[in-house]
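Peer 1: how would this look folded up:
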Amino acid sequence: MKALVTDPNEIQECYALLATIHDPEIPVLSILDLGIVRNIELLHSLQTEGHIRVTITATYTGCPAMDTIAALIRMELLKKGYKTIEIISAIAPAWTTDWMSQEGKEKLKAYGIAPPDKRFAIPVDGIECPQCGSSNTRLLSEFGSTACKSLLQCNNCAEPFDYFKCH
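Peer 2: Now for the predicted structure:
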């Protein structure tokens with residue numbers, strides 16, 4: 001029989017460890033900034049010591065980065081001493097940009113990617129340029145460098161930039 005461990009210090013240490021893992025497609029963001037880590041459970045019994053379960057949700061169904069992220073989580077937890085590691089991919093509830101941290105959105109902008117803005121659920125002209133701050137922008141393509149981004153261009157500074165789509 002397994003028991004759920006609720007030691008807040010151990011759970012916080014696990015979250016701190018996962019905060020060091022960065023998204024392979026947007027390396028400025030940690031997986032916590034993205035909000036894809038849904039839950040961490042520590043399970044212990046007389047037979048199982050060092051058993052951890054991490055639940056993650058992909059930003060998009062079929063996101064190619066999720067296998068890499070799961071492997072990075074597994075490697076970090078193995079280094080930390082966990083012996084049994086379960087990575088659960090949850091599809092419900094569906095991930096939303098509301099789960100991104102405010103700090104993560106600010107990191108995106110500083111990196112040159114316009115953060116999600118609920119006023120633009122569908123990418124359109126007028127998304128603020130992360131380079132100069134102008135809203136005089138135009139949509140070039142609904143599809144950017146990855147499935148979660150669109151490509152825009154600023155009409156003032158002429159710089160192209162990605163916009164992280166809302167959903």
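Peer 1: in stretch 97-107, what counts as buried?
Peer 2: By neighbour count on 16 or more other C-beta atoms under 10 Å, the buried set for stretch 97-107 is T97, W99, M100, G104, K105, K107. The C-beta positions use only the backbone N, C-alpha and C, and glycine is treated the same way.
Peer 1: what is the end-to-end distance of that stretch?
Peer 2: Terminal residues of stretch 97-107 lie 14 Å apart, using C-alpha to C-alpha, to the nearest Å.
Peer 1: ok, the host helix or strand of S150: who's next to it in the sheet?
Peer 2: Per DSSP states H and E, S150 falls inside strand 149-154. Each strand paired with strand 149-154, and its direction, by DSSP bridges: strand 137-141 (antiparallel), strand 160-164 (antiparallel).
Peer 1: which of these sits closest to P93?
Peer 2: Each of the strands paired with strand 149-154 was scored for nearness to P93 using C-beta to C-beta, and the closest is strand 160-164 (19.3 Å).
Peer 1: in the closest one, which residues are buried?
Peer 2: Those would be F161, D162, Y163, F164, for strand 160-164 by 16+ other C-beta under 10 Å.
Peer 1: could I get the residues you listed as TSV with distance to N39 and pLDDT?
Peer 2: Below are the buried residues of strand 160-164 laid out as TSV (distance: C-beta to C-beta, whole Å; pLDDT from 0 to 100):
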residue	distance to N39	pLDDT
F161	34	96
D162	29	95
Y163	29	94
F164	24	93
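Peer 1: which residue comes closest to A114 once chain neighbours are left out?
Peer 2: The shortest distance from A114 to any non-neighbouring residue, by C-beta to C-beta, 6 or more residues apart in numbering, is to Y163 (4.2 Å).
Peer 1: my bad, I113
Peer 2: Distances taken as C-beta to C-beta, 6+ apart put D162 closest to I113, at 4.6 Å, once the chain neighbours are dropped.
Peer 1: how about M100?
Peer 2: The nearest residue in space to M100 (C-beta to C-beta, 6+ apart) is G35, at 5.0 Å.
Peer 1: what residues are up against the residue nearest to I113?
Peer 2: Each residue near D162 by C-beta atoms under 8 Å, 6 or more residues apart in numbering is listed here: G112, I113, A114, G144, S145, K149, S150, L151, L152.
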